[in-house]
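[1] Here is a sequence together with a model predicted from it:
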Amino acid sequence: MKLIIAVVQDKDSNRLINALSGENFQTTKLATTGGFLKEGNTTLMIGCQNEYVDEALSVIKDNCSQREQMVAPISPMGGNADSYIPKPVKVEVGGATVFILPIESFFRF
């Protein structure tokens, strides 16, 4: 058995949860915050048998697209904020960061 931990952007989470549910994968949703953009994201925990890991990864890949987004940079710490002119920059957001962990045992009470 494996535990798949998928960190996805909030915009992709509902579509992904519905797609996983449609393929009979049970998920647990955790609201989390990303460190880089300080935006909300969603962490999904998905338990599945070893033979279904590739299928789950395919569903995640199909429902979590990467895209570009304009963000305003954070002002420099300790510097003179008067001369700092924030210029929005393009960054890639979306997609999924996925971790797969082996599960020694599983209990449901």
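    Thanks, I have it.
[2] Counting neighbours, what do you get for Val8?
    If you count neighbours by other CB atoms under 10 Å, Val8 ends up with 23. Every residue, glycine included, has its C-beta placed from N, CA and C.
[3] With only the CA atoms kept, save the helix or strand encompassing it in CSV.
    Using DSSP states H and E, Val8 maps to strand 2-9. Output of strand 2-9 as CSV, limited to C-alpha atoms (Å, rounded to 0.1, in the frame of the first residue of the first chain):
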residue,chain,number,x,y,z
LYS,A,2,1.1,3.6,-0.7
LEU,A,3,0.2,7.0,0.6
ILE,A,4,0.2,9.7,-2.2
ILE,A,5,0.6,13.2,-0.9
ALA,A,6,-0.2,15.7,-3.6
VAL,A,7,0.2,19.5,-3.1
VAL,A,8,-1.9,21.4,-5.7
GLN,A,9,-3.0,24.9,-6.2
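[4] buried stuff in the helix or strand following that strand?
    Counting by DSSP H and E, the element after strand 2-9 in chain order, helix or strand, is helix 10-22. The neighbour-count check on helix 10-22 (16 or more other CB atoms under 10 Å) flags 11-13, 16-17, 19-20 as buried.
[5] Helices of this protein, residue ranges please.
    Ranges of helices in the chain, per DSSP state H, are 10-22, 53-63.
[6] Flag the shaky bits of the chain, pLDDT-wise.
    Within the chain, the stretches with pLDDT under 70 are 34-39, 67-86, 91-94.
[7] show me the contacts for Gln49.
    Shown in contact with Gln49 (CB atoms under 8 Å, 6 or more residues apart in numbering): 1-2.
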